[in-house]
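Asks: need a 3D model of the sequence below.
(4 chains)
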There are 2 protein chains.
Amino acid sequence: MPESRGRQTGGRQTGDLQDGPAFELPLLLFAGFRSLIDELHTELARQGHPDVRPAYGFAMQAIGREGVTATELGRRLGVSKQAAGKTVDRLEHLGYVVRVDDKSDARRKLIQLTPHGLDALRRSATIFEDLRARWVKALGAKRVRDLEADLRAVVPASGFRLDVAGWFGT
Amino acid sequence: MPESRGRQTGGRQTGDLQDGPAFELPLLLFAGFRSLIDELHTELARQGHPDVRPAYGFAMQAIGREGVTATELGRRLGVSKQAAGKTVDRLEHLGYVVRVDDKSDARRKLIQLTPHGLDALRRSATIFEDLRARWVKALGAKRVRDLEADLRAVVPASGFRLDVAGWFGT
DNA sequence: TAGAATCGACAACGTGGTTGACCAAACCGT
DNA sequence: ACGGTTTGGTCAACCACGTTGTCGATTCTA
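Replies: Got it, this is the predicted structure:
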């Protein structure tokens, strides 16, 4: 609420000296996240992966080089196995993954990245390094390390949940 | 990709000394954002607003105390006027806003917060202050200010786009 | 005053999520 | 070894949130 604290009569919150309104903190974090992800996808598109969406990228990260089952993928992404299955459908349709039968368990189908999927994953890693390097250039290596350390210290350690879109609902 | 840089043979990226993998940066930013928003809504639920969802909170922020039209709301949230209209439908259904006819322009309908909506907005501001105070307690006032300043410096200045869920699609 | 721009709404659709129901295969205790 | 429980994958129905396109009504403007 841009106008909700224009001048708060008696702000006595810890650290409320000349700081901006407290609601900016989450907005800044999100803006940082979003700008990184947006730039990743812009660059990915330029490098031959125009149809990778953020959700696909996260899913491919979670699939990894060994491959996983749909159920396990759902667990890793923090969503239901059905939702994971749908994402795999789209990924499969785009040629980023294949489902292969598990010889030792006829129920399971291993989801594996295709060479195309692996290429996207490798390029993503490189692009993220470039992006971080840009932050280092702008802020200095120490500040970026501090930023990461501070965030690590303050977010609940409970392993990353990256069901970005899904969490929004509920 | 947790295993994509386990030990990279010859990482020569700027600032790649003992840093973790670069892809953690966006994840940390998102985790910070998400933990703040999650805690806000947990607390909001406890304070009598169990059905405020993140999207509603952002919309109410954007509506503000004066009220806006659906089209303008869409502009502020970075989404189409139709999408804004749908959000307003839900908000209206829950009693957080009302649509009132604009006397001076029969096309427009001003969306305004009800007392219930204003209450949610006020409580959100207070909760965000408490949350930020917690970060200050954990990290120190300077580190939090630095974090905010660094993010401000590094995100494109283009006014906050908070179409969190929507950006994910496309 | 006619033509252009604006506002709000409707409809169809895409994406990402949820539950619930099921079948087939695998595991396990008697 | 056989019947009951788990587990893996899929289908179906549904919801939230976004998109474009269209359209009628109103207002602005040349």
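Asks: quick one, longest helix in chain A?
Replies: helix A:115-139 (DSSP state H).
Asks: is it in proximity to chain B?
Replies: Yes: remark: helix A:115-139 sits within contact range of chain B at A:121-122, A:124-125, A:128-133, A:135-139, by CB under 8 Å from any CB of the partner chain. (C-beta placed from N, C-alpha, C; glycine too.)
Asks: cool, stretch A:141-157 as well?
Replies: Yes: Stretch A:141-157 reaches chain B (CB under 8 Å from any CB) through A:141, A:143-148, A:150-156.
Asks: which residues sit against that stretch?
Replies: Defining contact as CB atoms under 8 Å, 6 or more residues apart in numbering or on different chains, one finds that stretch A:141-157 is touched by A:132, A:135-136, A:139, B:14-15, B:17, B:19-20, B:24-25, B:28-29, B:31-32, B:35, B:135, B:138-139, B:143-144, B:146-147, B:150-151.
Asks: can you pull the buried residues of that stretch?
Replies: A:141, A:143-148, A:150-151, A:154-155 (16 or more other CB atoms under 10 Å in any protein chain shown).
Asks: possible to save the residues you listed as a markdown table with pLDDT, distance to DNA strand D and secondary structure?
Replies: Listed next are these as a markdown table, based on pLDDT from 0 to 100; distance: CB to the nearest atom of the strand, whole Å; DSSP: H, G, I helix; E, B strand; the rest coil:
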| residue | pLDDT | distance to DNA strand D | secondary structure |
| --- | --- | --- | --- |
| A:A141 | 96 | 36 | helix |
| A:R143 | 96 | 32 | helix |
| A:V144 | 97 | 30 | helix |
| A:R145 | 96 | 34 | helix |
| A:D146 | 96 | 33 | helix |
| A:L147 | 97 | 28 | helix |
| A:E148 | 96 | 29 | helix |
| A:D150 | 96 | 29 | helix |
| A:L151 | 96 | 25 | helix |
| A:V154 | 92 | 26 | helix |
| A:V155 | 88 | 23 | coil |
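Asks: for chain A, just list every one of the helices.
Replies: Under DSSP H, chain A gives helices at A:24-46, A:54-63, A:70-77, A:81-93, A:115-139, A:141-154, A:164-168.
Asks: which of these is buried the deepest?
Replies: Using mean count of other CB atoms under 10 Å in any protein chain shown, the stretch among the helices of chain A with the largest mean neighbour count is helix A:54-63, at a mean of 22.
Asks: having no further points to raise, I will conclude here.
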